[in-house]
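A.B. asks: return atomic coordinates for the entry below.
(2 chains)
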Amino acid sequence: MSVDIGDYVGLSAVMLCIGLAGVLLRRNPLIVLMSIELMFNAANLALVAFSREWVNNAGHIFVFLVVTVAAAEVAIGLAIVVSVFRRAQNVDVDEVASMRG
Amino acid sequence: MIGFYVLAIVLIASAVFTISQKSPVYSVVGLLANFLTLAALYVTLNAEFLGVVQVVIYTGAILMLFVFVIALLSSGIGPFTEGPDRLPRILVPALLSVAVAFGFLIFSVLHAPLTPMPEYVADPARATSELGPAGDPNVFGSVGDFGRALFTTQLLPFEVTAFILMVAVIGVVLIAGDAAPQATRGRHVARKPAAQREPIVKASK
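C.D. replies: Modelled structure (predicted):
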């Protein structure tokens, strides 16, 4: 029983769904951001696996780009969390509704 | 081979641990295990440089940022959230969405025309590099291979990366910097004419 690219991509699918469940079910914004990180990393795993499949390093460059975007996203997301917390002393994604129409 | 399954189990277990903890600090620990396992999986896929990048950027920078924000927010203030729990109402639709997504992904993977890895010979028309054992210079996934692609054929994504980081820095300063309450911290006071300013360096006699 050998391991092939499909196993890696299936693992990536499982991890993406765990991250999706975290985003949908949790209401602590920090854990929601961490779940988004899980989903980013699942996509990265699939990209690296496909890159290995074709022995083409364009996938590696794309993973590098995704890591950068993830870092920027986390920095801005945490800044928003800190800003909301300063304003309302409460960071619950269900309670933060000041931009609702 | 057995290594892949061990890594896969650790990866899934740490991901579930991450999203199931009540305290975000435990989630960070789960995420740390997840990222380190993922770095090991990258190495098994011949992407040794990306494994290093994963450890340095994710566990070194991003997780530290999480830890600092947790320390900042919960220092002496208490737990994060005390509101009405809406989990029972959204549980069924959320799990349904996850199940649909999972089914779609697994269906796609099962029908993808993927070739087994050990028997695979690189198609010279598509391959950019040569496969080799991890650690050799300039084989697929090594620092030399990655860097040569990054600075020649893939230069535009690299420059886009710089732009994204700049936008992130400006955005964070605008959002979280406490510029609003005390915007004029002496900066907007009109400067005196040069003759009335105190000299910075006193003239010695």
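
A.B. asks: so in chain B, which helix runs the longest?
C.D. replies: Selection of the longest helix in chain B by residue count, based on DSSP state H, yields helix B:87-110.

A.B. asks: how about the strands of chain A, start to end?
C.D. replies: For chain A, no strands turn up when DSSP state E is the criterion.

A.B. asks: still on that earlier bit, and the helix or strand following the longest helix of chain B, what does it pack against?
C.D. replies: Sequence order places helix B:143-151 as the next helix or strand after helix B:87-110, per DSSP states H and E. Under the contact criterion of 3 or more Cβ pairs under 8 Å, 6 or more residues apart in numbering or on different chains; DSSP states H and E, helix B:143-151 touches helix A:58-88, helix B:48-53, helix B:155-176. The C-beta positions use only the backbone N, C-alpha and C, and glycine is treated the same way.

A.B. asks: any chance of those in a markdown table, plus distance to A:Tyr8?
C.D. replies: Output for these, formatted as a markdown table (distance: least, Cβ to Cβ, whole Å):
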| stretch | distance to A:Tyr8 |
| --- | --- |
| helix A:58-88 | 12 |
| helix B:48-53 | 13 |
| helix B:155-176 | 23 |
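
A.B. asks: turn the ones you listed into a markdown table, columns for mean pLDDT, distance to A:Val32 and mean neighbour count.
C.D. replies: Output for those, formatted as a markdown table (pLDDT from 0 to 100; distance: least, Cβ to Cβ, whole Å; neighbours: other Cβ atoms under 10 Å in any protein chain shown):
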| stretch | mean pLDDT | distance to A:Val32 | mean neighbour count |
| --- | --- | --- | --- |
| helix A:58-88 | 89 | 9 | 19 |
| helix B:48-53 | 93 | 24 | 21 |
| helix B:155-176 | 92 | 17 | 14 |
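
A.B. asks: to B:Pro24, which of the ones you listed lies closest?
C.D. replies: helix A:58-88 (10.7 Å; Cβ to Cβ).

A.B. asks: by how many degrees do the closest one and helix B:143-151 diverge?
C.D. replies: With axes from the mean of the first three to the mean of the last three Cα atoms, to 10 degrees defining the directions, helix A:58-88 sits at 70 degrees from helix B:143-151.

A.B. asks: rewinding a little: nearest to A:Ala21 among the helices and strands packed on helix B:143-151 would be which one?
C.D. replies: Nearest to A:Ala21, of all those, is helix A:58-88, at 18.7 Å by Cβ to Cβ.

A.B. asks: is that closest one anywhere near chain B?
C.D. replies: Yes: applying Cβ under 8 Å from any Cβ of the partner chain, one finds helix A:58-88 touching chain B at A:58, A:60-65, A:67-72, A:74-76, A:78-83, A:85-86.

A.B. asks: before we move on, what about stretch A:14-26?
C.D. replies: Yes: counting by Cβ under 8 Å from any Cβ, contacts between stretch A:14-26 and chain B involve A:Val14, A:Met15, A:Leu16, A:Cys17, A:Ile18, A:Gly19, A:Leu20, A:Ala21, A:Gly22, A:Leu24, A:Leu25, A:Arg26.

A.B. asks: mind checking which of those land in helices?
C.D. replies: Among these, the members falling in helices (DSSP H) are A:Val14, A:Met15, A:Leu16, A:Cys17, A:Ile18, A:Gly19, A:Leu20, A:Ala21, A:Gly22, A:Leu24, A:Leu25.

A.B. asks: please convert these to a markdown table, extending it with pLDDT.
C.D. replies: Below are those laid out as a markdown table (pLDDT from 0 to 100):
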| residue | pLDDT |
| --- | --- |
| A:Val14 | 94 |
| A:Met15 | 95 |
| A:Leu16 | 95 |
| A:Cys17 | 95 |
| A:Ile18 | 95 |
| A:Gly19 | 95 |
| A:Leu20 | 95 |
| A:Ala21 | 94 |
| A:Gly22 | 93 |
| A:Leu24 | 91 |
| A:Leu25 | 89 |
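
A.B. asks: adding neighbour count and distance to B:Pro113 as columns, could you present these in CSV?
C.D. replies: Formatted as CSV, those follow (neighbours: other Cβ atoms under 10 Å in any protein chain shown; distance: Cβ to Cβ, whole Å):
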residue, neighbour count, distance to B:Pro113
A:Val14, 18, 21
A:Met15, 26, 23
A:Leu16, 23, 21
A:Cys17, 24, 23
A:Ile18, 25, 27
A:Gly19, 26, 27
A:Leu20, 21, 26
A:Ala21, 23, 29
A:Gly22, 25, 32
A:Leu24, 18, 32
A:Leu25, 18, 35
